[in-house]
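here's a sequence, model it:
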Amino acid sequence: MGWENENVFPLVIITAGGGFTGLFVYSPGPGAGNLVASIAAQSGTDPYGNSYRAGITSYQAGGANAFSELFGGQILSGLPGDFQASLLAGGGGSWQMTSGLQTAGDRQAILNQFSRLASGAAIDGHQLLGDQHVLGPTIGSVFPGRTTAQAEVQGTLALGGTAAGTLATFGADATGYPTVTDGTGGLSGNISVAQAATSNVNTVTGTTFANLAVFSIPANDAEAGAVYEVELGGFGTVGTTAQNLTLQARFGASPGAATDVVGVAAALNTAASGFSNSDTFQWSARVRAQCVTSGVSATWRIFLTGWVTDTTTAFANTIAFAVGTGTAPGSDVTQDSTALINIGLSAKWGSAVGSPSVSKSGSQFGRRA
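Numbering: from 1, shown residues only. Sure thing, here's the model as predicted:
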């Protein structure tokens, strides 16, 4: 039918004057469980027993009465029995989504999104606050230890496979070193971290120790059980008069200094091993440092393993070596782990007669545990 004057309201004022006041929509008609929308200045209960909320609210018809409410510039949603409704709010270049709480003891999750200000004073990104994780470094010091990384997970990060129970958990130990836990019962522990390999050639021809390669363990990086390794290899010649070669692990605060000599050396008698004058060789070595205890008086076990093989005789003569400090009780090395430590390999010749030489052609350093 057409409009009539009594159906036109140029102004409707709804006040919190008490009682059942407001605008109410029912489907299919007024009755218990039939309230689908309301506009009210304050919350209350209609004559049919339906609870209604302050603001502009939409309800799920039926017994559950799930609601979404626009009130105070925020959108709230939930169930009538919830301890706290979920919330969506924004302003100032950001918005926040907050999970509801069923009971007072529940833990709340909060998702924040931020725009970047033209001045650069604010940082763009997102942050998810919950029981054990935070994503996004943009909001202030919400948790101790918050970083300025592009993305941050505080606590642990779990990744699940397609099969049941295949869950890997990533985190960090007490020193911040990355760890992984295999949910399938496989290996779990620290994640190996390696520096980029080097390919520069270092050559030693003299009779005093000189470095073939040296790397650094950062201060305060090590804890008990940490393992560091230098892997390297190269080539050389025993000289026109075959000379003996000594390879030595270096470990200490000053690369090449006497304090770096830890007594882990392999003296290789080339002539006794079948090497002839002017023979060429290839070699490979590994220096391994295992932290037993950490701190200013940290103790370490140092190992040196590898081989030297005669390439002139088509690898017919090979010298293998394996030496270390951890071969007897009380033989550990003491070196402060709260300061930078150099680790590497040096070499020297028994004599320079015949111009012997040993060269490093490649090396890599990393933390293995």
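
what about Leu35, distance to Ala249?
According to Cβ to Cβ, to the nearest Å, Leu35 stands 80 Å off from Ala249. Heads up, the C-betas are built off the backbone N, CA and C, glycines and all.

do the same with Val323
When Val323 is compared with Ala249 (using Cβ to Cβ), they lie 8 Å apart.

what touches both of these two?
Val264, Ala265, Phe303, Leu304 (Cβ atoms under 8 Å, 6 or more residues apart in numbering).

pull the most distant pair out of the residues you listed.
Ala265 and Phe303 (11.9 Å; Cβ to Cβ).

from what I see, Asp332 and Ala298 are in contact.
No. The criterion here is Cβ atoms under 8 Å, and Asp332 misses it with Ala298 at 9.4 Å.

ok, these two, which is more surrounded?
A direct count of neighbours by other Cβ atoms under 10 Å for Asp332 and Ala298 places Ala298 higher, at 22 against 18.

apart from its chain neighbours, what residue comes closest to the more buried one?
Ser337 (3.8 Å; Cβ to Cβ, 6 or more residues apart in numbering).

next: Thr305.
Setting aside the residues directly before and after it, Thr305 is nearest to Ala322 in space (Cβ to Cβ, 6+ apart), at 4.5 Å.

I'd like to know how many residues surround the one you found.
For Ala322, using other Cβ under 10 Å, the count is 12.

pLDDT on the strand or helix carrying it, on average?
Here Ala322, judged by DSSP states H and E, is contained in strand 318-324. Regarding strand 318-324, the rounded mean pLDDT is 92.

following that strand, which helix or strand shows up next?
strand 333-334.

partner strands of the helix or strand following that following strand, with direction?
Using DSSP H and E, the helix or strand that follows strand 333-334 towards the C-terminus is strand 341-349. Next to strand 341-349 in the sheet, as set by DSSP bridges, lie strand 210-217 (antiparallel), strand 245-252 (antiparallel).

closest to Lys360 out of the ones you listed?
Comparing those by Cβ to Cβ, strand 210-217 comes nearest, at 4.1 Å.

can you give me the buried ones in the biggest strand by length in the chain?
The single longest strand within the chain, with elements called by DSSP state E, is strand 280-293. Of all the residues in strand 280-293, those buried under the rule 16 or more other Cβ atoms under 10 Å are Phe281, Gln282, Trp283, Ala285, Arg286, Val287, Arg288, Ala289, Gln290, Cys291.

next one: stretch 361-369
Ser361, Ser363, Phe365, Gly366, Arg367.

between those residues, which is closest to Thr208?
Closest to Thr208, out of all of the buried residues of stretch 361-369 and judged by Cβ to Cβ, is Ser363, at 21.0 Å.

host element of that closest one?
Assigned by DSSP H and E, Ser363 falls in strand 357-367.

which regions of the stretch 51-200 of the chain lie under the pLDDT threshold?
Low-confidence segments of the stretch 51-200 of the chain, defined by pLDDT under 70: 63-64, 112-156, 160-167, 174-177, 182-196.

ok, Leu232 - contacts?
Contacts of Leu232 by Cβ under 8 Å, 6+ apart are Leu212, Ala213, Ser284, Ala285, Arg286, Leu345, Lys360, Gly362, Ser363, Gln364.

beta-bridge partners for the third one, please?
The one in question is Ser284. Gly233, Trp307.

report pLDDT for it.
Looking at Ser284, its pLDDT reads 96.

any idea how far it lies from Ser216?
Taking Cβ to Cβ, one finds Ser284 at 22 Å from Ser216.

nearest spatial neighbour of Thr318, chain-adjacent residues omitted?
Nearest one to Thr318, counting by Cβ to Cβ, 6+ apart, is Thr309 at 4.2 Å.

okay, stretch 221-235 in PDB with CA atoms only?
The C-alpha trace of stretch 221-235 is given here as PDB (Å, rounded to 0.1, in the frame of the first residue of the first chain):
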ATOM      1  CA  ASP A 221      77.500 -17.700  21.700                       C
ATOM      2  CA  ALA A 222      78.600 -21.000  23.300                       C
ATOM      3  CA  GLU A 223      76.900 -23.000  26.000                       C
ATOM      4  CA  ALA A 224      77.600 -26.500  27.300                       C
ATOM      5  CA  GLY A 225      77.200 -28.900  24.400                       C
ATOM      6  CA  ALA A 226      77.800 -26.400  21.600                       C
ATOM      7  CA  VAL A 227      80.000 -27.700  18.700                       C
ATOM      8  CA  TYR A 228      81.900 -25.600  16.200                       C
ATOM      9  CA  GLU A 229      83.700 -27.000  13.100                       C
ATOM     10  CA  VAL A 230      86.100 -25.600  10.500                       C
ATOM     11  CA  GLU A 231      86.300 -27.800   7.400                       C
ATOM     12  CA  LEU A 232      89.000 -27.000   4.800                       C
ATOM     13  CA  GLY A 233      91.200 -28.600   2.200                       C
ATOM     14  CA  GLY A 234      93.700 -27.900  -0.600                       C
ATOM     15  CA  PHE A 235      96.800 -29.000  -2.300                       C
END
